[in-house]
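>>> Structure, please.
(2 chains)
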Amino acid sequence: AQSVTQPDIHITVSEGASLELRCNYSYGATPYLFWYVQSPGQGLQLLLKYFSGDTLVQGIKGFEAEFKRSQSSFNLRKPSVHWSDAAEYFCAVGARDMRFGAGTRLTVKP
Amino acid sequence: DTAVSQTPKYLVTQMGNDKSIKCEQNLGHDTMYWYKQDSKKFLKIMFSYNNKELIINETVPNRFSPKSPDKAHLNLHINSLELGDSAVYFCASSQDTRTQYFGPGTRLLVL
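Numbers count the residues shown, from 1 in each chain, chains lettered A, B, ... in the order given. Okay, the predicted model is just below:
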């Protein structure tokens, strides 16, 4: 069965610092992979997705993620975090039967 | 224009009541979904409809009944509400099996 693990429940970074959020997945075939962001009291916004092809994908708001099949990972990165990036981040795998990780809460220190 | 919309945004009700949440998408997608997000932010799929046909029905109490009058709408009706039903319910849509786009959520509080 497919599943997603986000090992970090909460991460705090300083504004301007780089960010990496970890995501590991379990899936029987080539996965469809996604990162969503949820700001407090808001819905989920798609940051980026991977279906096939180039393993480094660019998303909105300066985010990128790299698919590593050998490590079953799809980590999200941003070179310089802004205060407005503070939110909950969800990794997800699958298609119609999409499974979400438990989320990583990002706090940004001034 | 809002792509996936839900009404109401907030719903406060008493235990035992019956309530409905409506979802509409104007993206022309053929598949719609309902998710439940619990107090720990965990998101779990409840139902999925493709062209008005139920294709995913996770282990959800039968007090929850989705209804899809057409491809653009997927409503969620909940009978005999319980305290544990308090959560945020998200509607989503996609074309085929691809990217899902989410609505803003309906925050349900059962007292």
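>>> Residues of chain B that sit close to chain A?
Applying Cβ under 8 Å from any Cβ of the partner chain, we find that chain B lies next to chain A at B:31, B:33, B:40-45, B:48, B:50, B:55-56, B:90, B:94, B:97-105. Just so you know, the C-beta spots here come from the backbone N, C-alpha and C atoms, and that holds for glycine as well.
>>> Can you say which of these are buried?
Buried residues within the residues of chain B next to chain A, counting neighbours by 16 or more other Cβ atoms under 10 Å in any protein chain shown: B:31, B:33, B:41, B:43, B:45, B:48, B:50, B:56, B:90, B:94, B:99-105.
>>> and residue B:62, how many neighbours?
Applying other Cβ atoms under 10 Å in any protein chain shown, we find 7 residues neighbouring residue B:62.
>>> Would you quantify the distance from it to chain A?
20 Å (Cβ to the nearest Cβ, to the nearest Å).
>>> Over to that residue. Which of the three states is it?
Following DSSP: H, G, I helix; E, B strand; the rest coil, the label given to residue B:62 is coil.
>>> Can you get me the start-to-end distance on stretch A:81-88?
Distances were taken as Cα to Cα, to the nearest Å; on that basis the terminal residues of stretch A:81-88 are 14 Å apart.
>>> So which residues make contact with that stretch?
A:13-19, A:37-40, A:61, A:78, A:103-108, A:110, B:41 (Cβ atoms under 8 Å, 6 or more residues apart in numbering or on different chains).
>>> try 10 Å
Here stretch A:81-88 makes contact (Cβ atoms under 10 Å, 6 or more residues apart in numbering or on different chains) with A:10-19, A:36-40, A:42, A:44-45, A:61-63, A:78, A:102-110, B:37, B:41.
>>> For ChimeraX, what selects the buried ones among these?
To isolate the buried members of the contacts of stretch A:81-88 in ChimeraX, using 16+ other Cβ under 10 Å:
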select /A:11,13,19,36,37,38,44,63,78,102,103,104,105,106,108 /B:37,41
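>>> and the residue of chain A nearest chain B?
Distances between chain A and chain B by Cβ to the nearest Cβ are smallest at residue A:95, namely 3.5 Å.
>>> show me what contacts that residue?
So residue A:95 contacts A:2, A:31, A:32, A:51, B:31, B:94, B:96, B:97, B:98, B:99, B:100 (Cβ under 10 Å, 6+ apart).
>>> same deal with residue B:104?
Counting by Cβ under 10 Å, 6+ apart, residue B:104 has contacts A:41-44, B:2, B:4-7, B:9, B:88, B:90-91.
>>> Let me know the distance separating residue A:58 from residue A:25.
As judged by Cβ to Cβ, to the nearest Å, residue A:58 and residue A:25 stand 20 Å apart.
>>> And those two? Which one has more around it.
The neighbour comparison of residue A:58 against residue A:25 (other Cβ under 10 Å) goes to residue A:25, with 21 against 11.
>>> What pairs with the helix or strand of chain B with the lowest mean pLDDT, parallel or antiparallel?
Each helix and strand of chain B was given a mean pLDDT (mean pLDDT, DSSP states H and E); the minimum falls on strand B:53-57 at a mean of 79. As defined by DSSP bridges, the strand partners of strand B:53-57 come to strand B:43-50 (antiparallel).
>>> show me where pLDDT drops low in chain B?
B:1-2, B:97 (pLDDT under 70).
>>> do the same with chain A
Using pLDDT under 70, chain A has no residue that qualifies.
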